[in-house]
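Engineer: return a 3D structure for these sequence lines:
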Amino acid sequence: MGFLNISNRYAKALLEIAKEKNIFDAVSNDMKLILNTLKESKELKIALKSPIIKESDKLNILKEIFSSKVSLESMQFVEFVLEKNRIEILSDISRRFVELVDEIQGFVEVEVASIDLLDNNQKELLKNKLESITHKKVRLSYKIDRNLIGGFTARVKDKVFDASVKHQLENLRKSFLQEHLN
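Structural biologist: Got it, this is the predicted structure:
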């Protein structure tokens, strides 16, 4: 069984616990914090994956970082994941948990790439258009892509909306080639 299936099972189990104990928002915030911490700390990820570091030391590291910042249930869940020798996929479990929460709440993450920073008006127009297309509440993140000539690309999960000048020029080129072949 792949790590994605295992991560999904753990995330769903935590989701059920959070719903059952009526601590959904707290656990959701905790998992976002854990996910972001693991994303930002390469050293922590390496330590958790290391076969040299004892499980008890890994637990102490995690407690030191998170015990004062997350709920008791979230900390107990992290300990459970460690006991089951699955700590190396804690980031995947956290990411899947956040995705499940977003699905429940009707949110979708969209990564927008453009050659320059978008102004607030452009961001608002783009957000409204993407919400209309996806029928979900959109949470946008932005990055600069100097390979674009102009326009933007927007990635929603595995789907890409390409409104870049580069893409439009490629479509135009294909259209001209098609006309000359006929």
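
Engineer: just the element for the spatially closest residue to residue 35 that is not a sequence neighbour, please.
Structural biologist: Leaving aside its chain neighbours, residue 35 sits nearest to residue 94 (3.9 Å; criterion: Cβ to Cβ, 6 or more residues apart in numbering). In this view, the C-beta of every residue, glycine as well, is placed from N, C-alpha and C. Under the criterion of DSSP states H and E, residue 94 resides in helix 90-105.

Engineer: what mean pLDDT would you report for that helix?
Structural biologist: For helix 90-105, the mean per-residue pLDDT is 92.

Engineer: following it, which helix or strand shows up next?
Structural biologist: Next along from helix 90-105, by DSSP H and E: strand 107-114.

Engineer: who's in contact with that following strand?
Structural biologist: 102, 118, 126, 130, 134, 136-145, 148, 151-157 (Cβ atoms under 8 Å, 6 or more residues apart in numbering).

Engineer: what of stretch 164-181?
Structural biologist: Stretch 164-181 is contacted by residues 147-153 when judged by Cβ under 8 Å, 6+ apart.

Engineer: apply 6 Å and report the result again.
Structural biologist: 148-151, 153 (Cβ atoms under 6 Å, 6 or more residues apart in numbering).

Engineer: ok, of these, which come out buried?
Structural biologist: Among the contacts of stretch 164-181, those that count as buried by neighbour count (16 or more other Cβ atoms under 10 Å) are 148, 153.

Engineer: residues near the residue nearest to residue 35, how many?
Structural biologist: Residue 94 has 28 neighbours, counted by other Cβ atoms under 10 Å.

Engineer: which of the contacts of stretch 164-181 fall within strands?
Structural biologist: 151, 153 (DSSP state E).

Engineer: what about residue 82, which SS state?
Structural biologist: Following DSSP: H, G, I helix; E, B strand; the rest coil, residue 82 is assigned to helix.
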